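> sequence plus the predicted model coming up.
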Amino acid sequence: MKDLQPIIKSLLRAKTAPLLLMLQIAVTFTILVNAVFMLLQKSDEINVPSGLAENELFWFQMSLHGTREEKKTSLFRDLDAIKALDSVSGAVALSSIPFSERGAGHEIRLERDAVGYVTKAAFYSGSYQSLETMGLELIAGEGFTINDERRLYNFGLDVPSGVIITKVLAEQLYPDDWRQVIGETIFLDEDAQPVRGVVEHLIGPWSFWKNRSFNVLFSNVFITPEVSILVRIQGDNIDKSMQDVMDVVMQEPRRTVDHLEVMTDSREKAYRAQVAAYSTLKAVVLGLALITMLGVFGQTRFAILKRRKQIGTRRALGASQIAIVRYYVIENAVINLCGIVLGVVLAVVANNLLVAHFQLEPVPGLYLVYGGVIIFLAGFLAVLQPAIRAASISPAEATRSV
Amino acid sequence: MLLYYFKLAMLSIRKTPLLSFLMIATIAIGIAATMITYTVNYMMTQDPVPGKSDRLFTVHLSSWDPNVGYRMKDGKEDIPIFMTYQDATNLYTDQRAHKQTIISFHKAMVRSAAQPRGQATMTYLRPTTHEFFSMLNVPFLYGSPWDASDDSQGSQIVVLSKKKNEQLFQGENSLGREVVIGGLIYRVVGVLDEWLPLPRFYTERSDSYSEPRGLFVPFQSSINNDWLSGTDGSVYCWGGADLIDLNALKASECVWLFYWVELASAELRDDYLAYINRYAQEQKALGRFQREQMNRVMNVAEFIEYNEVVNKDGRIAVWLAMAFLIACLLNTMSLMMTKFHGKGAEVGLRRAVGASKVDIARQFFCETVIIGLAGGAIGLVLALLGLYVTSEVYSHLHAGLMEMNLSLMLLTIGSSVLASTVFGLYPIYKACQIQPSSQLKSL
């Protein structure tokens, strides 16, 4: 550590180059910490559990025709025919489809007259077999039975027949113990509904929505001129199942079908923008790390080039090779540390700006620590080679004139 | 003299190829990253109707449920951006703005009359009124918009986009030809030229950066045909509304139509809002509009802002890329220090034989300009390449967002030169400080 004093003295004497390097490290640290945090958040978003048996599901929208009674009859006739197929294990009519970007939602309250709402949640209403067909895992309370299923021309929320909600929504409503929610009444906008069950996961229709995991399920088939049908296949040939189902629904001559899609494709489509942003961020992080390491590397080489004579003199006066390496490694560590300290300040400022202007979440303090360690190690790696080269400078160098 | 400095600069760049290459490459990468993100963001935030956007307004009414608000936005009660059928048609019949239009949605199986039935494809349509085209400056390739009488009768006529005309009629002049929409015959009266307003501000946020719908039909004809589709647009309802057919929807308080007006000048905005408020008062007397009234008109820029059309990620990316550019420039600056330091002897010699500090500064300035130019040129190539890759990765956005125009290209080169000279100032200053004596002694 006796090197430290001359290092600091020499850094203070010729400060421009180390100052530049320090600034570069600080800026890199700032971007890196914020970008990596965003990257991890995006990765959480992309990999959010849907709760669905995604590989076994496909969906489509189909038109219904005639009077309201005819529409209802034809919907249930077709649903029964689809369910009877060998290649299908279940089929339900749903008011909206996960990942489809279309759906309805409510403000959720625990008191009807509460001024603010607890959260907003998306709303799925459909056949009583929705849970089984989607593949949801019921973790508390009870599911729907055939007696719960109503078949209306509206949402039918005025009748309190009960809803099933997701676990994260239950936790939001009852932070102390989410199980308390069973049997309690919640308000969907103004309509009171008792909670009869809780499912582990269910993704909402809007992938980009911050409340995408807050969802409410209800058992009422809402009959509209165009309905969405979700089908779970039997076996592993999804194309055959889709063909079989289309053969059934196209028997109605006026029928039109839209969006015939397997659930895995819907998910991919829904997260396209996020995945794209994810890859962009990754490229930025990678590029930055490389450029900075290059900077440290070039900088140290330059410093050594400048000081060949001094190194030679030191070697001639008896400094060991290790001492030379140590000198440059410590010098680099000092610059690095200063850069990281400045970087922490900048990163916090930048993050505050991001939080204020873009409603991002603040970076947890631990990231600053990790970021510091990583930058420090990268700087160490970059300085090693030039430092070792410096150590190999021959003492004879001291006697040369330039 | 300047020419001589350029010659010297070129010579110096050739003498230290690795250092020069590193400098140019770092600038190029930083500039490319900044320009890629900036281009996408710039294209996203352009004025979609230049020269008119301050006179186009969308009208939002407080027609919602007296018991519960429509929704909360930023801690305040918000009203729908859509209108009920009754209000849209009432306001449209009044004709109080310079121009006004109703914008609706529908989807149906569509084919040209010549195509067999099996070739019909599911197509998203845009029922609207004839003013739509002149209000949004939509260019026509063949024919023209329909007229007011077609709107009032609901004539079965259609305007096709250029792309749709290529699909249905191989791009020929298809005026007078027939298109079958959902089993009904529509006659082509117009074909649009290339038209891509970005962002596509007049409808929902999720559609902002995609292709406009390819078929336009008179709104009244969609009403005459009882067209109702709830899944390619939004219908928001309250009070247990029943959406089984169009008549139910027409009579309901459900909101689903966009309403836009063009005023003769932006100053008439308050007058028009006063008219809207008077209309709301009349409706209130009839028992509707029982909520606190917060009716509003929003111009194009306000609505884009309100609707959060411009992607937040995009703006963050620009800031990130700019910080990245700064890191790159700091790196370049270090490299320049190295380079100019290495030329101490040359500077000393030149100073000794009579060059002034200004001469030295000019010489090095030329060098930084050349490096900036080279960095800009390579950066431009990298940016174009990057944009191409981006348009592949961001395939859900319209490729038009990933194209640079001439001014953006000039900006790329210009900002590169500017950045390299600004960040070169200090190294140049340091180089000028070299004393002739100190360098000459050791030689």
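That came in fine, so what should we check first?

> from here on, just use CA atoms for contacts and neighbour counts.
Fine.

> burial count for the residue of the stretch 1-150 of chain A found nearest chain B?
In the stretch 1-150 of chain A, the residue that lies nearest chain B is A:Gln24 (5.2 Å; Cα to the nearest Cα). A:Gln24 has 28 neighbouring residues, counting by other Cα atoms under 10 Å in any protein chain shown.

> secondary structure class for B:Ile102?
strand (DSSP: H, G, I helix; E, B strand; the rest coil).

> what about it, distance to B:Tyr70?
21 Å (Cα to Cα, to the nearest Å).

> wait, what's in contact with the residue of the stretch 1-150 of chain A closest to chain B?
For A:Gln24, the contact set (Cα atoms under 8 Å, 6 or more residues apart in numbering or on different chains) comprises A:292, A:339, B:327-328, B:330-331.

> what's the most distant pair in these?
A:Gly339 and B:Cys328 (15.5 Å; Cα to Cα).

> circling back to that earlier point, secondary structure element holding the residue of the stretch 1-150 of chain A closest to chain B?
Using DSSP states H and E, A:Gln24 sits within helix A:16-46.

> pipe the contacts of A:Gln24 into JSON lines and attach neighbour count per row.
Below are the contacts of A:Gln24 laid out as JSON lines (neighbours: other Cα atoms under 10 Å in any protein chain shown):
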{"residue": "A:Thr292", "neighbour count": "25"}
{"residue": "A:Gly339", "neighbour count": "26"}
{"residue": "B:Ala327", "neighbour count": "29"}
{"residue": "B:Cys328", "neighbour count": "27"}
{"residue": "B:Leu330", "neighbour count": "27"}
{"residue": "B:Asn331", "neighbour count": "29"}
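
> return the residues of the stretch 51-200 of chain B in contact with chain A.
B:68, B:71, B:108-109, B:122 (Cα under 8 Å from any Cα of the partner chain).

> out of the residues you listed, which are buried?
B:71, B:108-109, B:122 (16 or more other Cα atoms under 10 Å in any protein chain shown).

> closest one of these to A:Trp178?
Out of those, the member with the shortest distance to A:Trp178 (by Cα to Cα) is B:Arg71, at 26.2 Å.

> just checking, A:Pro225 touches B:Asp226?
No: here A:Pro225 lies out of contact with B:Asp226, judged by Cα atoms under 8 Å, at a distance of 11.1 Å.

> can you pull out the low-pLDDT segments for chain A?
A:1, A:398-402 (pLDDT under 70).

> show me how it divides into domains.
A:4-47+A:273-399, A:66-253 (automatic domain parsing).

> is B:Ile371 in a helix, a strand, or coil?
Strictly by three-state DSSP, B:Ile371 counts as helix.

> between A:Pro225 and B:Asp226, what contacts are shared?
Contact criterion Cα under 8 Å, 6+ apart; residues shared by A:Pro225 and B:Asp226: B:Asp245.

> who has more neighbours, these two?
A direct count of neighbours by other Cα under 10 Å for A:Pro225 and B:Asp226 places A:Pro225 higher, at 23 against 12.

> residue contacts, that one?
A:63-65, A:71, B:228-230, B:243-245.

> swap in 7 Å and give it another go.
Each residue near A:Pro225 by Cα atoms under 7 Å, 6 or more residues apart in numbering or on different chains is listed here: A:63-65, B:229, B:244-245.

> tabulate these in JSON lines, adding columns for distance to A:Ile238 and neighbour count.
Shown next, in JSON lines, are the contacts of A:Pro225 (distance: Cα to Cα, whole Å; neighbours: other Cα atoms under 10 Å in any protein chain shown):
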{"residue": "A:Ser63", "distance to A:Ile238": "22", "neighbour count": "20"}
{"residue": "A:Leu64", "distance to A:Ile238": "25", "neighbour count": "23"}
{"residue": "A:His65", "distance to A:Ile238": "28", "neighbour count": "19"}
{"residue": "B:Ser229", "distance to A:Ile238": "28", "neighbour count": "21"}
{"residue": "B:Ile244", "distance to A:Ile238": "32", "neighbour count": "22"}
{"residue": "B:Asp245", "distance to A:Ile238": "34", "neighbour count": "18"}
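
> and the helices in the stretch 151-300 of chain B?
B:162-169, B:219-224, B:246-251, B:269-285, B:300-306 (DSSP state H, counting those that start in this stretch).

> please name every helix or strand in contact with the first one.
Read it as helix B:162-169. The contact analysis (3 or more Cα pairs under 7 Å, 6 or more residues apart in numbering or on different chains; DSSP states H and E) places helix B:162-169 against strand B:184-192.

> so the strand it packs on versus helix B:162-169, what angle?
Put simply, strand B:184-192 runs at 130 degrees to helix B:162-169, going by axes from the mean of the first three to the mean of the last three Cα atoms, to 10 degrees.

> any weak-confidence spans in the stretch 51-200 of chain B?
In the stretch 51-200 of chain B, no residues with pLDDT under 70.

> and stretch B:405-423, what's buried?
For stretch B:405-423, the neighbour count (16+ other Cα under 10 Å) marks B:408-409, B:412-413, B:415-421, B:423 as buried.

> what residues does that stretch touch?
So stretch B:405-423 is contacted by B:31, B:35, B:329, B:333, B:365, B:368-369, B:372-373, B:375-377, B:380 (Cα under 7 Å, 6+ apart).

> and if we set it to 8 Å?
Counting by Cα under 8 Å, 6+ apart, B:27-28, B:31-32, B:35, B:39, B:329-330, B:332-333, B:365, B:368-373, B:375-377, B:379-380 sit against stretch B:405-423.

> within reach of chain A, which of the residues you listed are there?
Okay, of the contacts of stretch B:405-423 touching chain A (Cα under 8 Å from any Cα), that's B:330, B:333.

> out of the contacts of stretch B:405-423, which sit inside helices?
B:27-28, B:31-32, B:35, B:39, B:329-330, B:332-333, B:365, B:368-373, B:375-377, B:379-380 (DSSP state H).

> hmm, back to that, compare the helices of the stretch 151-300 of chain B and give me the one nearest A:Ala53.
Closest among the helices of the stretch 151-300 of chain B, once you apply Cα to Cα, is helix B:246-251, at 35.6 Å.

> off-centre distance for the closest one?
35 Å (Cα atoms, centre = their mean, to the nearest Å).

> stretch B:32-46 too?
Relative to where its chain is centred, stretch B:32-46 has its mean C-alpha point 10 Å off (Cα atoms, centre = their mean).

> could the helices of the stretch 151-300 of chain B go into JSON lines alongside mean neighbour count?
What follows is the helices of the stretch 151-300 of chain B, written out as JSON lines (neighbours: other Cα under 10 Å):
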{"stretch": "helix B:162-169", "mean neighbour count": "18"}
{"stretch": "helix B:219-224", "mean neighbour count": "19"}
{"stretch": "helix B:246-251", "mean neighbour count": "15"}
{"stretch": "helix B:269-285", "mean neighbour count": "15"}
{"stretch": "helix B:300-306", "mean neighbour count": "17"}
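
> can you map out the helices along the stretch 251-400 of chain A?
Using DSSP H, counting those that start in this stretch, helices in the stretch 251-400 of chain A cover A:263-270, A:272-306, A:308-316, A:321-358, A:365-391.
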